[in-house]
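Participant: Show me how the following folds:
(chains A, B, C and D)
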There are 4 protein chains.
Amino acid sequence: MSNSIGKNIVFTLFGESHGGEIGIVADGLPAGLAIDNEFIKLQLSRRRPAGSISTARREADEYRIVSGAFNGKTTGAPLCLLIPNKDVRSSAYEFLKETPRPGHADYTAAVKYGGFADYRGGGHFSGRLTAPLTAMGALLMPILKARGIDISAHIYSVGDIKDKPFTPTALEMETSRQGFPTIDEAAGERIKEYIKEAADNGDSVGGIIEIAVTGFPAGVGEPWFDGVENSLARGLFGIPAVKGVEFGLGFGFGNSTGSQANDAFSLEKGKVVTKTNNNGGINGGISNGMPLIYRIAVKPTPSIYKEQRTLNLVSGKEEGLKIEGRHDPAIIHRAIPVAESVSAMVLCDLLCEQFGKGCLLQREVVKL
Amino acid sequence: MSNSIGKNIVFTLFGESHGGEIGIVADGLPAGLAIDNEFIKLQLSRRRPAGSISTARREADEYRIVSGAFNGKTTGAPLCLLIPNKDVRSSAYEFLKETPRPGHADYTAAVKYGGFADYRGGGHFSGRLTAPLTAMGALLMPILKARGIDISAHIYSVGDIKDKPFTPTALEMETSRQGFPTIDEAAGERIKEYIKEAADNGDSVGGIIEIAVTGFPAGVGEPWFDGVENSLARGLFGIPAVKGVEFGLGFGFGNSTGSQANDAFSLEKGKVVTKTNNNGGINGGISNGMPLIYRIAVKPTPSIYKEQRTLNLVSGKEEGLKIEGRHDPAIIHRAIPVAESVSAMVLCDLLCEQFGKGCLLQREVVKL
Amino acid sequence: MSNSIGKNIVFTLFGESHGGEIGIVADGLPAGLAIDNEFIKLQLSRRRPAGSISTARREADEYRIVSGAFNGKTTGAPLCLLIPNKDVRSSAYEFLKETPRPGHADYTAAVKYGGFADYRGGGHFSGRLTAPLTAMGALLMPILKARGIDISAHIYSVGDIKDKPFTPTALEMETSRQGFPTIDEAAGERIKEYIKEAADNGDSVGGIIEIAVTGFPAGVGEPWFDGVENSLARGLFGIPAVKGVEFGLGFGFGNSTGSQANDAFSLEKGKVVTKTNNNGGINGGISNGMPLIYRIAVKPTPSIYKEQRTLNLVSGKEEGLKIEGRHDPAIIHRAIPVAESVSAMVLCDLLCEQFGKGCLLQREVVKL
Amino acid sequence: MSNSIGKNIVFTLFGESHGGEIGIVADGLPAGLAIDNEFIKLQLSRRRPAGSISTARREADEYRIVSGAFNGKTTGAPLCLLIPNKDVRSSAYEFLKETPRPGHADYTAAVKYGGFADYRGGGHFSGRLTAPLTAMGALLMPILKARGIDISAHIYSVGDIKDKPFTPTALEMETSRQGFPTIDEAAGERIKEYIKEAADNGDSVGGIIEIAVTGFPAGVGEPWFDGVENSLARGLFGIPAVKGVEFGLGFGFGNSTGSQANDAFSLEKGKVVTKTNNNGGINGGISNGMPLIYRIAVKPTPSIYKEQRTLNLVSGKEEGLKIEGRHDPAIIHRAIPVAESVSAMVLCDLLCEQFGKGCLLQREVVKL
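Facilitator: Numbering: from 1, shown residues only, chains lettered A, B, ... in the order given. A predicted model of the protein is given here:
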């Protein structure tokens, strides 16, 4: 499948950083879903670079839906969303043919595709493709929200600076999608400062993102290989720069005991809950009705202004490399809506697997 | 797909803890692969419980291959491997119908399958099913080894006790599959002691496993959603109790900068290498020729003798629960061959995607 | 996928003619489906060779379900059904290594699998594997029947002898699964006579099977490539010896006009129907609520006693070949329950795609 | 998958008759395939309506490839090809909301998609979408041709008029893609005349298409469910109006005996051949090296000017319906390049399954 993800709804991503258009096709969306363009625009704006802590490339992200929608609703036919690339400066990338950037896919793509890959701006591997991903997830999030399912992400940490974490047992979420994506505003300010310092040094920083999903029903996820964890992990590792995924206590489980880690069942307002939520809302790959809580590790943007060492693949000699072009000293804040969107795509697919596609609809579904 | 994984070779797992037989089907194996039964037996024995730090359930794991093999080699038809269950005591699990065990899939399976799941011994969610998984991976590992690809795992840590880590830039591996799976024998002794203590307390412990794959060629992995990381993560999260997967520095990237984390390219004996291997051998989802290095977080076995609190689903009352039965105070050591096997399954599939199925064969392949 | 079919329910077939066991795994069956063993036995008995117009190989087909069922109902976990091979005489097939049988897969399997295929009795290509296929479909047919969906097949023609065809507009079906599978008993007698004559000549005969599905709801089938026609065709061509599939008028459309062929819509007892059913109940790949009507062409069994010409692959010389062993002068009657079963498998999968898996259940499904 | 077909190369079709753009994505094409735009244009022109026997809708089919190609070659990233719709008159289709056209998908789409489908011009079900299908297959055909594989189709019959059939044992093909697609020019003239007569009567005609593939290597096709027959049938039934698919003798097998139908093996210039080719080049679902020969039944275009009866879904009353708009009295000739293209797509996918993706390339592939 490679560039596709999902089984009941198959999402296929295409495009390159400097191609005419990039896009995504969703095949399997039920008919009659209302499309909330304002929310799509909001999420695209959150992903868009802005201010001094982002790349100078500016794209309006004026998407258009060329199929699968009619009178503002999905039709049941494949929905294709396209976004034109406009602010493109390909000449800045000619060096990539000889000297692969450390930490990037330049070298591996060259090996894999035998020199035929479009190397301009990272080509198909560019973070630019997270724009259609973001748009597609943003199309789905209001539909989930209408069914009580809320997805939200924030910066968990950058360097040693930690945001206030999500409360794992909170059954509802106060979502804010305004401003810098931290819960604690002061932590956000420190993180921005930290990123600016890195930028001033010609360097970049990584971080950790935490995602919470509230209102997600119990019983969803398909063991052994399409459980909630397998599926989210498969999707989230698709986001460029993600190098780790953990659920609940995650790697913290390595230093815990069963009596500490097990989540005791209880009853709250007639609903089965767990008193703690160390398992991040998932047992045996299946959701248990508690919030899904998970984190992803985002590596520092590999493109930095600082000089690095690399190999000239033509001469076979090591060389110094200073990457000019336009790049981000951190993508952690821009990756927030992307993580939300990938989560929405994966979870919609799993919901359809358990409840049928009708579960996404407000209209009455044809019954057998 | 749910219980299947793989695209070029599709592996389908079936069975329950207390059913007559458990098994796995591999569809898509090329014809002519030699089956090394000694290695399969070795890996099964590593997974098998033994000594005081394991469950008392004793299974001989006498597997048989009922299809897809002929004269000791694969035929190209689906290979089905069956293992009988023999040491089964179902009566010990009657309580599960009312009181789900914290940390287990009892409750989520009950919700998902509407009370029809086979609850005996955890049913389809039982770690018992890792026996056919282990056998299947063990069938593949010698085939990979013959092509220079070596997969090995060890206990990275349990509690605060750390084993010596793999050297991420070592291009070859000294694999030992004897004894307790640590590199540092002394650390292994301390870990065993620590597990015994937990067992004596009626408790259990989690840990972290590190896996290395050497000799894996560059250019393998299919972005965006079937890259090496997506694919391994999808498989590894299938192993019961795994709650985190990270590659290279993993969550450590959150506290690093681009200039620290980027792996500079270099040439060594005519081969492109990286001087460091913070990316765990993967850039942009594609292998770069360096060792694949990754870790999985394994939560403490949820079944403990210590009394826990749970909810009686029939009465709606909270209750104390002491799980009698037979269970492991730790599965971290038994999960080692399982992690190797799942890795072998996933990586064989990705190799076939890039090079065609003929890449697994020593015989000459029919050419177009 | 190769040996698997289905998306919501994935069926994977394995085994060889002379292996220890053959079987099938169904992954994705909803939990709580009652298993009607009497019906499975009935369908297996219809497929089983009997009398003078069938092979002398006699198998009891004593299947067992080793996973995915508990207390007589499906559990939601993969259901694996196994059938042992007992009446096996492998020595009769040694000649296959050198001289491929015309019309069989011996030669193509030898090329494809490089000489590693299990050639005994046709190996994985044997009609023997239709036994687990039949059993699996027979597990599903009562479930469909309980929802008003009835699948039935009969011999449409053998040579010039034609059975009475199904009435394509009849909304209900009087199904008989007793005796020789023709609607017109006299035609059945003539067909049996005709087969016996062929058998006496050391020859074999082909025929055409017609299948009807009544009670199938409108709106099922996924254009463009998983419509009812695409999906049934993909499944039906899996039955050995099937060389043609047509829906409604089928090849007769080639000699018709739009004004003749179009099916006018009408209302009957409050239900939208078509006055004719030339389209076999399918428009644009989607069911329209009328009976599905389709036919498959079954070629004569390639194994005949009459001497044929073939090539000795070792000597490179042409040779005469008389196939001894045990074989059928016709399989058309034995293929009837197989065609029903494959139809049931495919249609269950499509129903789940449109309505969710809950549509197969009588119990109340968990709702989002 | 629905609108996708293929496993190694996944083709996803999207768009509607009156949407802004229609298109197709191919994910999994190997890098380095040269794109022959002249051939794509030729095939699109063969599909394009022309003269008095076609619809008056005129589309230039000015496709553009927006991703996956660079410097005239594929890059290995998903290739998206878009075609704008220009000659659109939506107002002519308002009646469809109430009165479904007999033989069309209007009614079934309304049921399936609950009234949300884009009904204008048949929406997603329109034959207009065969334009991107044709273009994609035309991209692949020169690549196959460079490896000796030639795909060609002609009109086998319309009404009682028969073209000269392909010689099933001819190992090479004289392909002509000029003029009306019959082998016998006189038959072509009679067919055109016959279509004009139907058009004059306000009626339409069906027909049968025969396809031959020469140079296709032995050993391709994946039993039981992804054999050459299953796969081609699944694809070909995706072409609107196709209601039957048969291979070799096809339905003629129903009236033949084993001794007549079996194809004896022989040796010709060192190559294993069969003396006859009744099996259409396929045994057991696997190609045998002989030409693939198959036919598809194409029903008469359902849109006719003649008055028909239908049901008004709003009033529940039967009504007369005269379809004005613009439509084809026959699509059999326009379906020829579509059938070639779908064949090319399916066969490329199967070749990759057997030989790896490198088999499509002329460049040297990276070896394991």
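Participant: Can you list the residue ranges for helices in the stretch 101-250 of chain A?
Facilitator: A:106-112, A:130-146, A:185-200, A:228-236 (DSSP state H, counting those that start in this stretch).
Participant: ok, the last one near chain B or not?
Facilitator: Translated: helix A:228-236. Yes: residues of helix A:228-236 contacting chain B under CB under 8 Å from any CB of the partner chain: A:229, A:230, A:231, A:233, A:234, A:235. From N, CA and C alone the C-beta is placed, and that goes for glycine too.
Participant: Columns distance to chain D, pLDDT and neighbour count on top of these, output as JSON lines?
Facilitator: Converted to JSON lines, the residues of helix A:228-236 next to chain B look like this (distance: CB to the nearest CB, whole Å; pLDDT from 0 to 100; neighbours: other CB atoms under 10 Å in any protein chain shown):
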{"residue": "A:229", "distance to chain D": "24", "pLDDT": "98", "neighbour count": "31"}
{"residue": "A:230", "distance to chain D": "20", "pLDDT": "98", "neighbour count": "27"}
{"residue": "A:231", "distance to chain D": "17", "pLDDT": "98", "neighbour count": "27"}
{"residue": "A:233", "distance to chain D": "21", "pLDDT": "98", "neighbour count": "30"}
{"residue": "A:234", "distance to chain D": "16", "pLDDT": "98", "neighbour count": "26"}
{"residue": "A:235", "distance to chain D": "16", "pLDDT": "98", "neighbour count": "30"}
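Participant: out of the helices of the stretch 101-250 of chain A, deepest packed?
Facilitator: Of those, the one with the most neighbours on average (mean count of other CB atoms under 10 Å in any protein chain shown) is helix A:228-236, at a mean of 28.
Participant: if we can go back for a sec, could you dump the helices of the stretch 101-250 of chain A to JSON lines with distance to residue B:61?
Facilitator: Output for the helices of the stretch 101-250 of chain A, formatted as JSON lines (distance: least, CB to CB, whole Å):
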{"stretch": "helix A:106-112", "distance to residue B:61": "39"}
{"stretch": "helix A:130-146", "distance to residue B:61": "44"}
{"stretch": "helix A:185-200", "distance to residue B:61": "52"}
{"stretch": "helix A:228-236", "distance to residue B:61": "25"}
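Participant: of all those, which lies closest to residue D:145?
Facilitator: Closest of these to residue D:145 is helix A:106-112, at 26.2 Å (criterion: CB to CB).
Participant: which residues touch the residue nearest to residue A:222 when sequence neighbours are not counted?
Facilitator: Distances taken as CB to CB, 6 or more residues apart in numbering or on different chains place residue B:2 nearest to residue A:222, at 3.9 Å, with adjacent residues excluded. Residues in contact with residue B:2 (CB atoms under 8 Å, 6 or more residues apart in numbering or on different chains) are A:222, A:223, A:224, A:225, A:226, C:10, C:27, C:28, C:78.
Participant: ok, those vs chain D, which is closest?
Facilitator: residue C:10 (10.5 Å; CB to the nearest CB).
Participant: Any chance of the backbone angles for that closest one?
Facilitator: phi -100, psi 120 (degrees, to the nearest 10).
Participant: any idea how far chain D is from residue A:345?
Facilitator: Applying CB to the nearest CB, to the nearest Å, the value for residue A:345 to chain D is 16 Å.
Participant: repeat for residue A:298
Facilitator: Using CB to the nearest CB, residue A:298 is found at 23 Å from chain D.
Participant: so what's that residue up against?
Facilitator: A:206-209, A:239, A:241-243, A:331-332, A:335, B:253-254 are the contacts of residue A:298 under CB under 8 Å, 6+ apart.
Participant: Now the two most distant members of the residues you listed.
Facilitator: Top of the distance list for the contacts of residue A:298 (CB to CB): A:239 and B:254, 14.5 Å.
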